[in-house]
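Asker: Give me a model of this one.
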Amino acid sequence: MPEPPEHLPCPPLTIELSIPPASSDVPIEYRSLPTKPGVFLFQDEDGHTLALAMTANLRRFIRSRLEPSPSETTPSRRINYRDLSRTVHATTVGSAFEADWVYLQLARRHLPTTYAMMLDKWPCWFVHVDPDAKHPRWTKTSHPSLSSKNGNGCLFGPLADKHAAAKYIETVEDAFDLCRYHHILLDSPHASACAYKEMGRCDAPCDGSITMEAYRALVRETAEFASTPIERWRHDIESKMKEAGENLDYERATSLKNLLDRTTPVTKRDFAHVREIEAFRFLGVFPSEHPDRARLFLVMGGRIEPFIDVPIEVAPNDLDSIIDALKARADSLATDLRDASLENLGLVVRHLFKPKRDKKKGELIHLEEALDRIRLAKALHGLKSKNSESNPEESLEDQLIESLS
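Answerer: Model (predicted):
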């Protein structure tokens, strides 16, 4: 059996069920299987994996696959796992995120020749720029490993899909007046400028109006923009705009106001998580199998590991110890961007951009935010059952500030 990459945790399958031959008349002990969500695999007598699947009820689903329905009176095209399988290995999970994570790690180990096909269901998109390139430009990619291997330039993301990646590039080019026609830029400084120069929306490095070095400096500004959380970046621009107004530098104030307006699309949800890929670090706060506990997952690039189970109603004084342990573990790990790890990025991105209709399903928080006691407590509070007695949501932050102060 192939071993998974040593640097990636692979969840153990702690539940095992033997399947006696059908001819033996020995019944299958289905009662040993929990009636909880989980991931399982069927194996034959040689240990080869026949099937790997997720289910909301391990006992019911496995039984349905091993025993034909009494209503089936005609031959079925369904695989006869009852005759082929000799062992069921399984584990329970507490959330859809955990199920996806377990499934992918087990697929990589048990189905090494076919698991890559499932990665197309979990694409992750990034944008890339190398300000020091001869003719720098922004591009989009769904294969961050190809862009990060060469060590040149900066990779930013994640983005919801390829359309969001294209929109992000379009917004950056428009906000900072970059060259829109790269094929013309390639002929710099001997090209003929396009209409954007006449409109005052491009400095025209293509015809030598500015040097390529000056243009690269402008591209570096866009890389700095992308590497800064948008709320922080906009706050800095607003401060500079206010300062310019106080100094009666109205031309600069107007220029900064235009820059703010043109970058407004980046404040949308599709771009909420854009950072340098080295900052792809999250804390996952999800339900565990126990209704009163949460399972915290540490995400460091493509490395995903269950960190700790904690009470949803965690005592305020215990939050400090949880955060201290989380920080110590995160500090001991680098952001993992090796090939096998990068396969996990799509899984994380899928859950980052899921509709937030039900907070009980859990959430992923940027690690620097998760180290804030109030932010972590609010995420845990979001997992509480609808039937549990709690104070109104609108007063939650005030309650936490009071209890944590």
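
Asker: Tell me if I am right that residue 248 is in a strand.
Answerer: No: assigned with DSSP: H, G, I helix; E, B strand; the rest coil, residue 248 falls outside any strand and is coil.

Asker: Give me the pLDDT for it.
Answerer: Residue 248 is assigned a predicted lDDT (pLDDT) of 92.

Asker: How much space separates it from residue 324?
Answerer: For residue 248, the distance to residue 324 (CB to CB, to the nearest Å) stands at 50 Å. Every C-beta, even on glycine, is put in place using the N, C-alpha and C of the backbone.

Asker: shaky segments in the stretch 201-350 of the chain?
Answerer: Applying pLDDT under 70 to the stretch 201-350 of the chain flags no residue at all.

Asker: just so I have it, where are all the helices in it?
Answerer: 212-227, 230-246, 250-262, 316-331, 339-342, 345-352 (DSSP state H, counting those that start in this stretch).

Asker: What distance do you get for residue 100 to residue 233?
Answerer: 32 Å.

Asker: correction: residue 269
Answerer: According to CB to CB, residue 269 and residue 233 sit 17 Å apart.

Asker: Which one's more surrounded, those two?
Answerer: residue 233 (17 against 12; other CB atoms under 10 Å).

Asker: gap between the residue lying closest to that one once chain neighbours are set aside and residue 129?
Answerer: Of all residues not flanking residue 233 in the chain, residue 225 sits nearest, at 6.1 Å (CB to CB, 6 or more residues apart in numbering). Relative to residue 129, residue 225 is positioned 11 Å away (CB to CB).

Asker: Please identify which of those two sits among more neighbours.
Answerer: residue 129 (24 against 19).

Asker: Go over the secondary structure and confirm residue 50 is in a helix.
Answerer: No: counting by three-state DSSP, residue 50 falls outside a helix, being strand.

Asker: Domain parsing of this structure, as residue ranges.
Answerer: Taking automatic domain parsing as the reference, the chain has its domains at 15-121, 125-271, 280-404.

Asker: So which of those domains is nearest residue 9?
Answerer: domain 280-404 (4.6 Å; CB to CB).

Asker: now the strands for this structure?
Answerer: Assigned by DSSP state E, the strands in the chain fall at 15-18, 38-43, 49-55, 87-92, 125-129, 139-141, 154-159, 275-276, 281-287, 293-300, 303-311, 363-366.

Asker: Can you list the neighbours in contact with the third one?
Answerer: Applying CB atoms under 8 Å, 6 or more residues apart in numbering, the external contacts of strand 49-55 come out as 37-44, 61-62, 65, 79, 81, 84-85, 93, 99-100, 102-103, 106-107, 110-111.

Asker: With the second one instead?
Answerer: Among residues not part of strand 38-43, those counted as contacts by CB under 8 Å, 6+ apart are 13, 15, 49-55, 58, 61-62, 65, 81, 84-93, 99, 102-103, 106, 110.

Asker: For PyMOL, what selects the buried ones among these?
Answerer: Per 16 or more other CB atoms under 10 Å, the buried members of the contacts of strand 38-43 correspond to this PyMOL selection:
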select buried, resi 13+15+49+51+52+54+55+58+61+62+65+81+85+86+88+89+90+91+92+93+99+102+103+106+110
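
Asker: Was I right to think the residue nearest to residue 233 contacts residue 171?
Answerer: No: taking CB atoms under 8 Å as the definition, residue 225 is not a contact partner of residue 171, at 10.1 Å.

Asker: list residues touching both of these two?
Answerer: Any residue near both residue 225 and residue 171 by CB under 8 Å, 6+ apart counts here, and that gives residue 263.

Asker: so residue 65 touches residue 88, yeah?
Answerer: No: Residue 65 is beyond contact range of residue 88, at 9.3 Å (criterion: CB under 8 Å).

Asker: check contacts around residue 61.
Answerer: 40, 53, 55.

Asker: Distance to residue 365 added to these, as TSV?
Answerer: As requested, these are exported to TSV (distance: CB to CB, whole Å):
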residue	distance to residue 365
40	30
53	30
55	28
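
Asker: And these, which is closest to residue 330?
Answerer: Looking across the contacts of residue 61 and measuring by CB to CB, the closest to residue 330 is residue 40, at 31.6 Å.

Asker: Check the burial of the closest one by counting its neighbours.
Answerer: Neighbours around residue 40, by other CB under 10 Å: 23.

Asker: is it in a bridge, and if so with what?
Answerer: residue 53, residue 90 (DSSP bridges).

Asker: Tell me the spacing between residue 38 and residue 30.
Answerer: Applying CB to CB to residue 38 and residue 30 gives a distance of 14 Å.

Asker: same thing with residue 343?
Answerer: Counting by CB to CB - residue 343 and residue 30 are separated by 34 Å.

Asker: More neighbours: which of the two?
Answerer: residue 343 (23 against 16).

Asker: before we move on, back to that, show me what contacts the residue nearest to residue 233?
Answerer: By CB under 8 Å, 6+ apart, the neighbours of residue 225 are 172, 175-176, 233, 263.
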